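1. Build me a model:
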Amino acid sequence: MSTKKKILIIEDEKPMARALELKLTHSGFEAKAVFNGADGVKILEKETFSLILLDLIMPEMDGFTVLETLKEKKIKTPVIVLTNLSQEDDEKRAKTLGALEFFIKSDTPIATIVLRVAELLT
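-> Numbering: from 1, shown residues only. Take a look at the predicted model:
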């Protein structure tokens, strides 16, 4: 039985998703990446994760819809939003829907994200 904290990355930019997956794995977490919101929700219905890293702009189901769906399904996994949307309204909306943190991808090094994940989960 693995005692590693599991993190689900829902991110349609594959290079970003892979980089996060690698960095988190190297930091001692179990990370899994999916590339759209619909797949993310499907996995969350079957598996339990300690944390979700969620992009907002994605095909099939965007991050806001994922947050709304998690709320409806009473999936209480903490969410950190990673996005290139830098509008204050987007951040407010994400946090209203339950996101813990909101990072602008272009302004935030992956190392910073991994550090924040470690702080939240340890």
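
2. mind checking the SS state of the residue positioned nearest the centre of the chain?
-> Closest residue to the average C-alpha location of the chain: Leu53 at 1.2 Å, with C-alpha atoms, centre = their mean. When classified by DSSP: H, G, I helix; E, B strand; the rest coil, Leu53 comes out as strand.

3. got the contact list for it?
-> Ile7, Leu8, Ile9, Ile10, Glu11, Leu20, Val79, Ile80, Leu82, Ile113, Val117 (C-beta atoms under 8 Å, 6 or more residues apart in numbering). All C-beta atoms are positioned from the backbone trio N, CA, C, and that covers glycine.

4. which regions of the protein lie under the pLDDT threshold?
-> 1-2 (pLDDT under 70).

5. Try it again at 90.
-> Within the chain, the stretches with pLDDT under 90 are 1-3, 59, 85-86, 122.

6. ok, back up a step: can you list which of the contacts of Leu53 are found in helices?
-> Among these, the members found in helices (DSSP state H) are Leu20, Ile113, Val117.

7. in the sheet, who's paired with the residue nearest to the centre of the chain?
-> For Leu53, the beta-bridge partners under DSSP bridges are Ile9, Ile80.

8. any idea how far Ile104 is from it?
-> 14 Å (C-beta to C-beta, to the nearest Å).

9. where exactly do the strands run in this structure?
-> 6-10, 30-34, 51-54, 79-83, 99-104 (DSSP state E).

10. Leu24: which of the ones you listed is closest?
-> strand 30-34 (3.9 Å; C-beta to C-beta).

11. angle of the closest one against strand 6-10?
-> Relative orientation of strand 30-34 versus strand 6-10 (axes from the mean of the first three to the mean of the last three C-alpha atoms, to 10 degrees): 20 degrees.
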